[in-house]
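Participant: need a 3D model of the following:
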Amino acid sequence: MTAAPARIDHLVTSGTFSLDGGTWDVDTNVWIVGDDTEAIVIDAAHDARAIAAVLGGRTLRAIVCTHAHNDHIDAAPALAEATGAPVLLHPDDLPLWKQTHPDRTPDGELADGQVLTVAGIALTVLHTPGHAPGAVCLYAPELATVFTGDTLFQGGPGATGRSFSHFPTIVDSIRDRLLTLPPQTRVCTGHGDGTTVAAEAPHLQEWITRGH
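Facilitator: Residues are numbered from 1 along each chain as shown. Next comes the predicted model:
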């Protein structure tokens, strides 16, 4: 019997996003990359039990945080406790992480160029600051997919109007790290519908104009 191929599972969890004294209701995309035996979770948002249900009996190798806004990490400690998997975060986002989890630090650091492997699939960490200082994307060439968190959405960059964010930086990150990927690359976002590099690349100048 041949092993089942790697696949991407997707669920949407609901909760709140809080920053700078405001709180908003949000639906957040949770992505699970793996096969029938092991997986990595990208953004453990809101509902550890629902994420564990989609994982089933698979071994969770890591909980990867694309950034440390609470709507992407609030369920990470509970999921780590339930599965034994380490929580991984870029160190530049530790100040944001501590706003949500002051008594529990991540288990490991993400670094630009680092490669995580699961089910024979390599996911390369791309440091893409702007929406948050330690924001990262994960590029899986074998799946022709990049997981962008809140850095790139269908229709443009993630929000940069709050603390720890910077519009020129996110534009640089998208231009230099994401729009250079193959045009057919699927973009799996942190909220809402996905897109492709080809669909977003022509609009870079519009975003720059709109951001000023």
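
Participant: now stretch 18-25: how far from the chain's centre is it?
Facilitator: With C-alpha atoms, centre = their mean, to the nearest Å as the basis, stretch 18-25 stands 20 Å off its chain's centre.

Participant: oh, I was asking about stretch 43-56
Facilitator: Counting by C-alpha atoms, centre = their mean, stretch 43-56 comes out at 15 Å from the chain centroid.

Participant: gap between the residue lying closest to residue 171 once chain neighbours are set aside and residue 157?
Facilitator: Nearest non-adjacent residue to residue 171, counting by C-beta to C-beta, 6 or more residues apart in numbering: residue 208, 5.8 Å away. Using the backbone N, CA and C atoms, a C-beta is placed for each residue, glycine as well. Residue 208 sits 10 Å away from residue 157, going by C-beta to C-beta, to the nearest Å.

Participant: who has more neighbours, those two?
Facilitator: Using other C-beta atoms under 10 Å, the more surrounded residue of residue 208 and residue 157 is residue 157, with 27 against 14.

Participant: just to revisit the earlier point, how far off centre is the helix or strand containing the residue nearest to residue 171?
Facilitator: In the assignment (DSSP states H and E), residue 208 maps to helix 204-211. Helix 204-211 sits 23 Å away from the centroid of its parent chain (C-alpha atoms, centre = their mean).

Participant: the least confident helix or strand in the chain by mean pLDDT packs against which elements?
Facilitator: One helix or strand of the chain scores below all others by mean pLDDT, DSSP states H and E: helix 204-211, with a mean of 86. On a contact count with 3 or more C-beta pairs under 8 Å, 6 or more residues apart in numbering; DSSP states H and E, helix 204-211 meets strand 156-157, helix 167-173.

Participant: return the distance of the very next helix or strand once past the last one from the chain's centre.
Facilitator: Following the chain from helix 167-173 toward its C-terminal end, the next helix or strand by DSSP H and E is strand 186-189. On the basis of C-alpha atoms, centre = their mean, the separation between the geometric centre of strand 186-189 and that of its chain is 10 Å.

Participant: can you tell me the strand partners of the next helix or strand after strand 186-189 and which way each runs?
Facilitator: Following strand 186-189 in sequence order, the next helix or strand is strand 195-196 (DSSP H and E). Sheet pairing here is set by DSSP bridges, and for strand 195-196 it gives strand 186-189 (antiparallel).
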